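Undergrad: Next come a sequence and a model predicted from it.
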Amino acid sequence: MIKSTIQFIREIYGVKEGQIPLHVPFFNGNEQKYVNDAVVSGETSASGAYIQKFEKALAEYTGAKEAVAVSNGTAALHVALHMVGVTTGDEVITQALTFVATGNAIRYVGAQPVFVDVDADSMGMSPESLEGFLKSSCEKRSNGVFNVKSGKRIAAVLPMHTLGFPVRIEEIAAVCKEWDLPLIEDAAEALGAKVGDKHVGLFGAIGTLSFNGNKSITSGGGGALILNDSKLANRARHLISTAKKPHTYEYFHDELGFNYVMPNLNAALALGQIEHLSEMLYQKRALGYVYSEHMEREGVKMRSERPGTKANFWLITLQLADRKQRTEFLDALNAADITCRPIWTLLHKMPEFKSCQTTDLTHSQFLEDRIVNVPSSVKGLRI
C-alpha cells in the first residue's frame, strides 16, 4: 500500500522526484494586481479599502451578515471568547482533538479548558459527550452554569470543525441553548463547509476562520470572525482596533483592546483568493474522489463527509489501521519527500493543559492513533 501510494501521489502531481508539499497556496487570479494596488496606494497597514472589500466578499460567500477580518485565526478565537464574556477563572468546554490554538486562546483570556470527547465520524465535539458532562458534573445557578467539581463557571462551548469536516453543530447548539451557554465555532479549517445549506460558523454567537498560508485560501497570515449580529460585529471592530475612540487626532482608548486588524496588504491578497475559492474547492473535491478510488483499492479508509453535510476537503484525510501502521506510513512517505502529517496530539497531554479536566476520550485517542493527512494542494494537480 505504501509503495503504490507514493507512486500514485507522484502521478497526480506530475512530479517524478523531489518534494511534494502537504498544501501550498494557489494564486491564479487578481492576487498580484490587488497587492500591487495596495502597495502603490501606500495603505499597507490597518486601514485601506481592501479590508472592507474582503470583509464584504467573505460575508457574501458564507452568508453571514457580518465578517470582521483579523490578523490570524488565534486572534479571532481570542477576541471571540473575550466578547462572549469569558474571563479569568472561568472554564470553556472544548475538544482535546484540536490544534493548540483552540486551547491557547482559552488560556489567553485566563480561562481553563475542559476537554470532552469527539465523535468517531465527524472527528469534532460529540454532543452526547458535551451533554453528558453538563448533566453529570455541572449545575445551573441564578448566575450561570457551574462545574460542581471545580466550582468554576462554565462560560462558553467551543467545538471545532476538524480538518474541514462539519461537526454535529445543530445538536451542539441545542445543548448550548438548553444550558444557556454561548457557542463559538472554531471553523479555522472549514471555509466552504456546510451543514445543509448553512455555512459552518453561523450556528452560534460567533464563528472564527483562519487564512494561514496552509489553508484553502490565504492572506499570508490572517483570520476572521463571521456573525449575524451587527452590534457584536461593530464591537469586535472596536476591540481589534485597540479600543480607540474615533477622533481626528486624539488617542483615547475606552477599554482593554487588541491590535488585531488584518493589514490592508493581506486583505488585498485575501480578496484575490476568495474570488476563485469556489473553483479551488471544486478541484479539491475532485482530488478527494481520485484519492478515494486509490485508497479503496488499497483497503484504506478515507474520511468523507457525513450525510447532510458538505466538507471542504482542505486536507485529504486517511484513517489507517492502528498507530503502528500510521507511523510506518508517515515515516515512509516523508522519507520519500512526500510531506504527510498526523492529526494532533491530544491537548490534555501537553504540559500547558495536563491539569485540565477531561471526560472519557476514547474516540479522540482512536483518531490520534490513526489519522493522517496527505498532499492536498490544488496547485500542480494533473487530474
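TA: Okay, I see it.
Undergrad: Does the most centrally placed residue in the chain lie in a helix or a strand, and which?
TA: Geometric centre of the chain, nearest residue: Ala188, 1.9 Å, by CA atoms, centre = their mean. Ala188 belongs to no helix or strand when assigned by DSSP states H and E.
Undergrad: how about it, what does it touch?
TA: Gly73, Ala76, Leu77, Phe99, Ala101, Met160, Thr208, Leu209, Ser210, Lys215, Gly223 (CB atoms under 8 Å, 6 or more residues apart in numbering). Bear in mind the C-beta positions are built from the backbone N, C-alpha and C, glycine included.
Undergrad: Scan those and report the most crowded one.
TA: Ala76 (34 neighbours; other CB atoms under 10 Å).
Undergrad: What distance do you get for Thr162 to Leu225?
TA: Distance from Thr162 to Leu225, counting by CB to CB, to the nearest Å: 20 Å.
Undergrad: Those two: who's more crowded?
TA: More neighbours surround Leu225 than the other of Thr162 and Leu225, with 31 against 28 (other CB under 10 Å).
Undergrad: Let's see the pLDDT reported for the closest residue to Glu43 other than its chain neighbours.
TA: Sequence neighbours aside, Asn264 is the residue nearest to Glu43 in space, at 4.7 Å (criterion: CB to CB, 6 or more residues apart in numbering). For Asn264, the pLDDT comes out at 97.
Undergrad: what about Asn264, neighbour count?
TA: Counted with other CB under 10 Å, Asn264 comes out at 27.
Undergrad: Report the contact partners of it.
TA: So Asn264 contacts Ala38, Ser41, Glu43, Thr44, Ser45, Ala46, Ser47, Gly48, Ala49, Tyr50, Ile51 (CB under 8 Å, 6+ apart).
Undergrad: Now do the helices in this protein.
TA: Counting by DSSP state H, the chain has these helices, from start to end: 2-13, 31-41, 49-62, 73-83, 100-108, 127-137, 169-179, 230-239, 264-274, 277-297, 323-335, 362-368.
Undergrad: want to try a markdown table for those helices, with distance to Pro307 as columns?
TA: Output for the helices of the chain, formatted as a markdown table (distance: least, CB to CB, whole Å):
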| stretch | distance to Pro307 |
| --- | --- |
| helix 2-13 | 27 |
| helix 31-41 | 36 |
| helix 49-62 | 22 |
| helix 73-83 | 28 |
| helix 100-108 | 26 |
| helix 127-137 | 16 |
| helix 169-179 | 13 |
| helix 230-239 | 32 |
| helix 264-274 | 28 |
| helix 277-297 | 16 |
| helix 323-335 | 27 |
| helix 362-368 | 19 |
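Undergrad: Relative to Pro25, which of these is closest?
TA: helix 264-274 (7.6 Å; CB to CB).
Undergrad: Now Leu202: closest residue in space that isn't a chain neighbour?
TA: Using CB to CB, 6+ apart, the closest residue to Leu202 is Ala64 (5.8 Å).
Undergrad: Distance check, the closest residue to Leu181 other than its chain neighbours against Leu183.
TA: Computed as CB to CB, 6+ apart, the closest residue to Leu181 that is not its neighbour in sequence is Val157, at 5.2 Å. Val157 is 5 Å from Leu183, where distance means CB to CB.
Undergrad: Buried ones among the contacts of Asn264?
TA: Ala38, Glu43, Thr44, Ala46, Gly48, Tyr50, Ile51 (16 or more other CB atoms under 10 Å).
Undergrad: Closest one of those residues to Phe133?
TA: Ile51 (39.5 Å).
Undergrad: my read: that closest one touches Met262, true?
TA: Yes - with contacts counted by CB atoms under 8 Å, Ile51 reaches Met262, the gap being 6.1 Å.
Undergrad: Can you check which residues contact both of the two?
TA: Ala69.
Undergrad: returning to that earlier point: need the contact list for the residue nearest to Leu181.
TA: 92-94, 125, 130, 172, 175-176, 181-184, 204.
Undergrad: repeat that with 10 Å
TA: Contact analysis of Val157 by CB atoms under 10 Å, 6 or more residues apart in numbering lists 84, 92-94, 114, 116, 125, 130, 134, 172-173, 175-176, 179, 181-185, 204.
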